[in-house]
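K.L.:
With the sequence up front, the predicted model follows.
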Amino acid sequence: MGGTLTILRLAWFKISGLGFHAVGVFIILSGWTLMQSTTRRAEKGEIAWGAWYWARFVRLYPMYWVAHLVYLVSPFIARLEPVDDRIILSLLGLRFINIEMNFMYLNAAWWYFAMLIQFYLIFPLLFWTARRVGPGWFLFIGCVAGFFSRYVLLVVWPQNGLWVLGGFAICRLPELALGMSLAMWYAHSPARLEWFLLRGAGFIAGLILYPAALQLYHGLYEYIFVDFATGTCCMLEIVGIAGFISLFNSPAKLFGLVGLYSYGLYLTHQPYVIWLGLRIREVPIWGFLLICIPTLAVLSVWGMLLEKGTNALVNKLLSLKRPAHS
C-alpha cells in the first residue's frame, strides 16, 4: 500500500507539473475559435473591424474587471501582494508595462489577458495574411516570426523571461497560428481532422511526442521551441480526452458547459487554489483528492455564475443604450 501511494504521489507530482502547458492549449484554441468566428462573419460580407474590436472589448474586459472585484472582496483568497497603484495598469490590461512589477501582480493567471489583447490588436493583419496565403504557409510564417522573436529575446538580446512567456505576444504566435490554421483545415476537411483529433490518433501522437517536447527544456536554443511543442502535445491529449468524453452524452454536456464558461473560471480560480493549497500541503494524497474534486466543481460553478451574470448585465446595459425603433 505504501509503495502504491508513493507511486501515486510521484505520478501526481509529474502530471501537475505540466499544468502550465494548458496555457499553450488556450492559445491554440483561441486562434481556432477566433479564425472560425471571423471567417463566418467574412462570409456574410465585409468585416466592420471597428464593430469587431468593440465585440471583443465587451467580451473580455467586463469579466476581467469583475475578476478584480472578486479578488478584492471575496473570502478564501490568497492575497500575496498589497493592492497599490499597480492595479490601474492591471485594470487596463497593460501588465507588460514595467513587466517585472506588473505582469504577475495580484493574480498570476492574468498575464494571459495582457498577451491576448496584443493578439486582438494585430488579428486583422493575421486574418488577412492567413486568408491570403493559406493555412500551411500561414503556420510557417507564424512559426518563423515567433521563433525568431524568442531567439532574439533569449539569445541575441537576453531579456526578462516574462517577455517570452507572453509579455511580447509574438513570442507565442506559433501557437495562435496553429489554431488559426487548424480552423482553416477543419473548414475544408472536418471529417478527417475530427478523426485525427477525437478518435485517438492525435492522442497517441501527443503521448509519443510529449517526452521529446519536454527535452526541449534542457538547453537555451531548444527552449526557443518548447512552448509550441509542449502546447501542441498537451492540446492533442486534452482534445483526445474530450473526444472520448463525447461518446457519453451526459458527461459531454457537463464538460461542454464548463468549457463554454471557462473564461470566468480561468480569471478567478488561482487565488482560491493557492489559498486552499497552502492549507492542505500536509494532507495525504487520498485526502487531497477528496478535497480537490469538489473544490474544482465549486470553482467551476462559481466561475460560470460570475461570467453568465456579467454577460447578462453587460447585454442589459448595452440594450438600454440602443435607440428604440418605431
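P.N.:
It's in.

K.L.:
Now the helix or strand harbouring residue 51: buried residues?
P.N.:
Counting by DSSP states H and E, the element that carries residue 51 is helix 49-73. Neighbour-count burial for helix 49-73, counted by 16 or more other Cβ atoms under 10 Å, picks out 52, 56, 60, 61, 62, 63, 64, 66, 67, 68, 70, 71. C-betas here are computed from N, CA, C, even on glycine.

K.L.:
And those residues, which is closest to residue 321?
P.N.:
Using Cβ to Cβ, residue 62 comes nearest to residue 321 of the buried residues of helix 49-73, at 14.3 Å.

K.L.:
Quick one: residues contacting that closest one.
P.N.:
310, 311, 313, 314 (Cβ atoms under 8 Å, 6 or more residues apart in numbering).

K.L.:
Among those residues, which are located in helices?
P.N.:
310, 311, 313, 314 (DSSP state H).

K.L.:
any idea how far residue 67 is from the first one?
P.N.:
Think residue 310. According to Cβ to Cβ, to the nearest Å, residue 310 and residue 67 sit 9 Å apart.

K.L.:
Give me the common contacts of these two.
P.N.:
With Cβ under 8 Å, 6+ apart, residue 310 and residue 67 have common neighbours residue 264.

K.L.:
So which residues of the stretch 151-300 of the chain form helices?
P.N.:
161-162, 173-188, 190-198, 201-214, 220-223, 226-245, 249-260, 262-279, 285-321 (DSSP state H, counting those that start in this stretch).

K.L.:
Tell me the backbone dihedrals of the residue lying closest to residue 151 once chain neighbours are set aside, please.
P.N.:
Residue nearest to residue 151 in three dimensions, not counting chain neighbours: residue 224, with 5.5 Å by Cβ to Cβ, 6 or more residues apart in numbering. In terms of degrees, to the nearest 10, the main-chain angles of residue 224 are phi -50, psi -30.

K.L.:
any low-confidence regions in this protein?
P.N.:
Applying pLDDT under 70 to the chain picks out residues 1-19, 322-326.

K.L.:
At the geometric centre of it, which residue sits there?
P.N.:
residue 26 (2.8 Å; Cα atoms, centre = their mean).

K.L.:
so it touches residue 267, yeah?
P.N.:
No: using Cβ atoms under 8 Å, residue 26 and residue 267 do not qualify as a contacting pair, with a distance of 11.9 Å.

K.L.:
Counting neighbours, what do you get for the residue nearest to residue 151?
P.N.:
A count of neighbours around residue 224, defined by other Cβ atoms under 10 Å, yields 22.

K.L.:
check contacts around it.
P.N.:
147, 150, 151, 154, 155.

K.L.:
What is the neighbour count of the last one?
P.N.:
The burial metric for residue 155, expressed as a neighbour count using other Cβ under 10 Å, is 12.

K.L.:
returning to what we had before: so which of the helices of the stretch 151-300 of the chain is nearest residue 125?
P.N.:
That would be, of those and by Cβ to Cβ, helix 173-188, which comes in at 11.4 Å.

K.L.:
For the closest one, C-alpha coordinates in CSV please.
P.N.:
Taking C-alpha atoms only, helix 173-188 is exported to CSV below (Å, rounded to 0.1, in the frame of the first residue of the first chain):
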residue,chain,number,x,y,z
LEU,A,173,2.4,33.5,-32.2
PRO,A,174,3.3,29.9,-33.3
GLU,A,175,0.5,28.5,-31.1
LEU,A,176,-2.1,31.1,-32.2
ALA,A,177,-1.1,30.4,-35.9
LEU,A,178,-1.5,26.7,-35.3
GLY,A,179,-5.0,27.3,-34.0
MET,A,180,-5.9,29.5,-36.9
SER,A,181,-4.5,27.0,-39.4
LEU,A,182,-6.4,24.2,-37.8
ALA,A,183,-9.6,26.2,-38.2
MET,A,184,-9.0,26.6,-41.9
TRP,A,185,-8.1,22.9,-42.4
TYR,A,186,-11.2,22.0,-40.5
ALA,A,187,-13.3,24.1,-42.8
HIS,A,188,-12.0,22.2,-45.8
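
K.L.:
what comes into contact with that helix?
P.N.:
With Cβ under 8 Å, 6+ apart as the criterion, helix 173-188 contacts 24, 27-36, 39, 119, 126-127, 130, 134-136, 138-139, 141-143, 145-147, 149, 193-194, 227-228, 231-232.
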